[in-house]
Structures are given as C-alpha cells and as structure tokens.
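Asks: Please work out how this folds:
(one chain, ligands or ions: 1)
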Amino acid sequence: MVASLQLHQVGVRYGKQSVLSEITTPLLKGGEVTAVIGPNAAGKSSLFRRIAGLLEGPGQIQVDVGVSGGVCYMPQDTSVNTVLTVYESILLARKQGRDRKVGDEDLEVVDHILSSLRIENIAFKGLCELSGGQRQLVSLAQTLVRDPKILLLDEPTSALDLNRQVEVLTLIRTLARERDICVMLAIHDLNQVMRVADRVLVIDAGTMITCGPVEDVITPDLLRRVYKVDGRIERCSRLCPHVMIDGPATH
Ligand SMILES: Nc1ncnc2c1ncn2[C@@H]1O[C@H](COP(=O)(O)OP(=O)(O)OP(=O)(O)O)[C@@H](O)[C@H]1O
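Replies: Numbers count the residues shown, from 1 in each chain. Below you'll find the model as predicted:
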C-alpha cells in the first residue's frame, strides 16, 4: 500500500500565540514531492514539527504509512554535540525504533547511503569536526537510513553548494519515485522547487495561500503577492521553468 499524508485545518500555537492556522491539503501520496515555501517566519518549520508530532495544535493529520516504515523528520538545525563518528551516528539512526541487533543488512544500508550522498570520505570523522554542509549531508543520511515512508525535510540543502544541491534534490526525487515515499520539503530556492517538486504549498504569515501543481502556483502574481518582487517564469535550455527576478515590486 502506498503511503499518504493529508492535513485538515492544521494549526500551531506557542503558548497563547497562534503562528499557523487552517492548513488543509489534498491527499499527498507516496512517490510525490510537495515543496513548502513562504517567507521567513511564515510557519514552515512549525508545520513540520507539528506533523512530526513534536508540537500539539488544532486540526487533523491523517498519516498512512502502510505495513513498514514511518514518518522521518530532518530538522532545519543540524548542529551536534556528541563524540560519535559519522558512521556510528548513521548506524545508530538506522537502529532507532528497531528492536533487534545490528545485522549485515544494516551495515550495507549505511554503506549505500554514504555512497549515494558521496560522504564515504568522512565516514570516520567525528561529528564535531564537520563543516556546515557536511553536517547537513550527515543529517540527511541519518534520516534516509531509517527507511521513511513519509519524509519531512526542513531546508535540507540550505548549507550545500550548487552542485550538491542539485545532486541531493535529484536523489530525493528518485528515492520518492522508486520507494513510494511521500516527501514534504521546506525550501527557499524557487528554481530548485521547479526542478524537484510535483506540488507546492505556500504559507505566508501563518496562513495557507494555496496548494497545487508547481507551474500553477509559482507565477509572477505569487512572486509579487508573497515575496514582494517583480519576476517572470522562463524556460532554461532543458525546458525546465525558472524564475527570473527583475527586482523589488514596483507597485
Ligand atoms: N519555540 C517557539 N516559541 C515561540 N515562537 C516560536 C517558536 N518557534 C518559532 N516561533 C515563531 O513562530 C513563527 C514561525 O516560525 P517558523 O520557524 O515556523 O517559520 P519558518 O517559516 O520555518 O521560517 P524560516 O524560513 O525563517 O526558517 C515565527 O514568528 C517564530 O518567531
């Protein structure tokens, strides 16, 4: 059975302050990537924490993960304070929630994820010795190694160089399709959204603006309304739509 996720009037409050309300989505299915976009402090991370069960609030979250797998969440903050090596930390993440000894299969899965993310060269470095981008890749490895069915990634490429961004987002896209994973991805780069996502959920100041297919949602009107910039959508040489920004909105 394919995993699915659906939100109905979901909100978040910190104490008495409501920061997010009435987020409702269609059925988000395994194999699809939904990008969550919006300005700083719009409520994207709060939504992810709410779906991951780390925050309480109004509304219903319908999660269906089938017979195996689960909901895996990669937070925006990947700072660490442990003496583990990269390899140990990924193996530990693999073991989390599994009530059995580590076997050969687990070691193979860890090796495979290290190679998919091209981080074998840092496998035996301490987590505290990593660069920001390396830390982000290791955090992604720790999330992917748990065999998610619903994958919540909060800005997983924000610290990566351009080559790594394209590589990682392509990997996420491929894994979603091959393993029927339902991916939700918070991300600021709208050009990467246009390359990787099937659907976009737009949040502004705690309110849902829209949720729909990428090319219906990312339009000059949205750029003006949500981001206060004038821009156009044009196609690159490989015919992928791209956002061209002309400058701050003039009216
Ligand atoms: N622990 C907290 N306690 C109180 N308010 C919080 C807490 N965490 C976040 N907020 C507030 O909730 C609002 C939404 O924050 P959130 O981190 O969800 O935004 P975001 O869309 O992920 O932003 P960014 O793009 O800057 O990462 C902000 O006004 C923020 O100040």
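
Asks: how about the nearest residue to residue 63, chain neighbours excluded?
Replies: residue 5 (5.7 Å; CB to CB, 6 or more residues apart in numbering). C-beta coordinates here come from the backbone N, C-alpha and C atoms, glycine included.

Asks: my bad, should have said residue 28
Replies: Residue 28's closest residue in space is residue 5 (CB to CB, 6+ apart), at 4.6 Å.

Asks: how close does the one you found sit to residue 113?
Replies: 23 Å (CB to CB, to the nearest Å).

Asks: With neighbour numbers in mind, choose between these two.
Replies: residue 5 (25 against 21; other CB atoms under 10 Å).

Asks: For residue 53, give me phi and psi.
Replies: Main-chain dihedrals, residue 53, degrees, to the nearest 10: phi 90, psi 10.

Asks: Just the buried residues of the helix or strand hosting residue 173, please?
Replies: Using DSSP states H and E, residue 173 sits within helix 162-179. Within helix 162-179, the residues that count as buried by 16 or more other CB atoms under 10 Å are 164-165, 167-169, 171-173, 175-176, 179.

Asks: try stretch 44-63
Replies: In stretch 44-63, counting by 16+ other CB under 10 Å, buried: 44-52, 55, 57, 59, 61, 63.

Asks: can you redo these as a markdown table with distance to the ligand and secondary structure?
Replies: Compiled in a markdown table, the buried residues of stretch 44-63 are given as follows (distance: CB to the nearest ligand atom, whole Å; DSSP: H, G, I helix; E, B strand; the rest coil):
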| residue | distance to the ligand | secondary structure |
| --- | --- | --- |
| 44 | 4 | helix |
| 45 | 3 | helix |
| 46 | 3 | helix |
| 47 | 7 | helix |
| 48 | 8 | helix |
| 49 | 8 | helix |
| 50 | 9 | helix |
| 51 | 12 | helix |
| 52 | 13 | coil |
| 55 | 9 | coil |
| 57 | 12 | coil |
| 59 | 15 | coil |
| 61 | 16 | strand |
| 63 | 20 | strand |
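
Asks: Make sure the residue nearest to residue 28 is actually in contact with residue 182.
Replies: Yes. The criterion here is CB atoms under 8 Å, and residue 5 meets it with residue 182 at 5.3 Å.
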